[in-house]
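> Please work out how this folds:
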Amino acid sequence: AVLDANGVALADGDTVVLIKALKPKGSSQPIKQGTKVKNIRLQEGDHDIGCKIDGTPMNLKSEFVKKA
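Residues are numbered from 1 along each chain as shown. Below is the predicted model:
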């Protein structure tokens, strides 16, 4: 299972909140702490959450989010 920063299991379609400001690769604009990310999908690999933030596809690490 993919676990959030608090050890809560995440599922496809969950809404999560960033617990840390993140600077995406190739973007000049950081994503603010507290940003809500809806409708996540779980995936294999180091960045185990796929999502869209403001319409931009992103990959996040589950250790930087908590379930909303």
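> My assumption is that Ser28 lies in a strand; please confirm.
No. Per DSSP: H, G, I helix; E, B strand; the rest coil, Ser28 lies outside any strand segment and is coil.
> Offset the numbering so it begins at 585, please.
All set: I'll call the first residue 585, so the last point we hit is now Ser612.
> This protein: strands as residue ranges?
For the chain, the strands defined by DSSP state E cover 600-602, 620-621, 625-626, 633-637, 640-644, 649-651.
> Buried ones in the fifth one, by neighbour count?
The reference is to strand 640-644. Residues of strand 640-644 classed as buried under the neighbour-count rule (16 or more other Cβ atoms under 10 Å) are Met642, Leu644. Yep, even glycine has a C-beta here, placed from its N, CA and C like the rest.
> For Gly634, the count of nearby residues, please.
A count of nearby residues for Gly634, using other Cβ atoms under 10 Å, gives 15.
> List the contacts of it.
Ile624, Arg625, Leu626, Gln627, Pro641, Met642, Asn643, Leu644 (Cβ atoms under 8 Å, 6 or more residues apart in numbering).
> can you tell me which two in those are farthest apart?
Farthest-apart pair in the contacts of Gly634 is Leu626 and Pro641; separation 14.7 Å (Cβ to Cβ).
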